[in-house]
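Asker: From the sequence below, what's the structure:
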Amino acid sequence: MTRPRFHLAFPVIDLEQAREFYTNILGCTPGRESDCWIDFNFHGHQIVAHHSKETPDCPTSDVEGKKVPIRHFGLILDRIDWQKLADRLTEKKIKFLIEPHIRFEGLAGEQATMFIQDPSGNGLEFKSFASDDDIFATETGA
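Answerer: Purely as a prediction, here's the structure:
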């Protein structure tokens, strides 16, 4: 069964910086574009960087003692691809908002996660679960 694809539009202050980041850092391929926006193939999902003269503030929330950007998007990858991305981001000296680590260790929903920002300050999270069954797991108290 084919999963639905999502579409996300987000603000960027510089389209060329966005093109550089999303293609050369994250490996997205650009699609249609105009002088105001660029479509990117984000692992089969359509994300669209729209030029904006200002970017909104990005408040954070405390999760396990770490400041998580409340407004963020990203991907759930298998563990091998997640590690390859973490290594690539480290190699390219991308600053992590939250370094790659395991969150909720030993609990339902345990996940490998990392957070970065694009050049316009948009938060991105990349995570990995041991299995798809863990994505929506809840703690049973058992």
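Asker: use CA for all of it now, contacts and neighbours both
Answerer: Fine.
Asker: which other helices and strands contact the lengthiest helix in the chain?
Answerer: Using DSSP state H, we find that the single longest helix of the chain is helix 79-91. Judged by 3 or more Cα pairs under 8 Å, 6 or more residues apart in numbering; DSSP states H and E, helix 79-91 is in contact with strand 123-128.
Asker: mind checking the SS state of residue 53?
Answerer: Following DSSP: H, G, I helix; E, B strand; the rest coil, residue 53 is assigned to coil.
Asker: can you list the weak-confidence ranges in this structure?
Answerer: For the chain, the stretches with pLDDT under 70 are 1, 139-142.
Asker: could you pull out the strands for it?
Answerer: For the chain, the strands defined by DSSP state E occupy 7-12, 29-33, 37-42, 45-51, 60-63, 66-69, 72-76, 96-103, 111-117, 123-128.
Asker: Out of the ones you listed, the one nearest residue 21 is which?
Answerer: strand 111-117 (10.0 Å; Cα to Cα).
Asker: quick one, that closest one and strand 96-103 angle?
Answerer: Counting by axes from the mean of the first three to the mean of the last three Cα atoms, to 10 degrees, strand 111-117 lies at 180 degrees to strand 96-103.
Asker: and of the strands of the chain, who's closest to residue 134?
Answerer: Taking the strands of the chain one by one with Cα to Cα, strand 111-117 is closest: 8.5 Å.
Asker: So for residue 117, what's the nearest residue that isn't a sequence neighbour?
Answerer: What sits nearest to residue 117 in space, not counting adjacent residues and going by Cα to Cα, 6 or more residues apart in numbering, is residue 123, at 4.6 Å.
Asker: The one you found and residue 96 touch, don't they?
Answerer: No: under the criterion of Cα atoms under 8 Å, residue 123 is not in contact with residue 96, lying 10.3 Å apart.
Asker: And these two? Which one has more around it.
Answerer: Using other Cα atoms under 10 Å, the more surrounded residue of residue 123 and residue 96 is residue 123, with 19 against 15.
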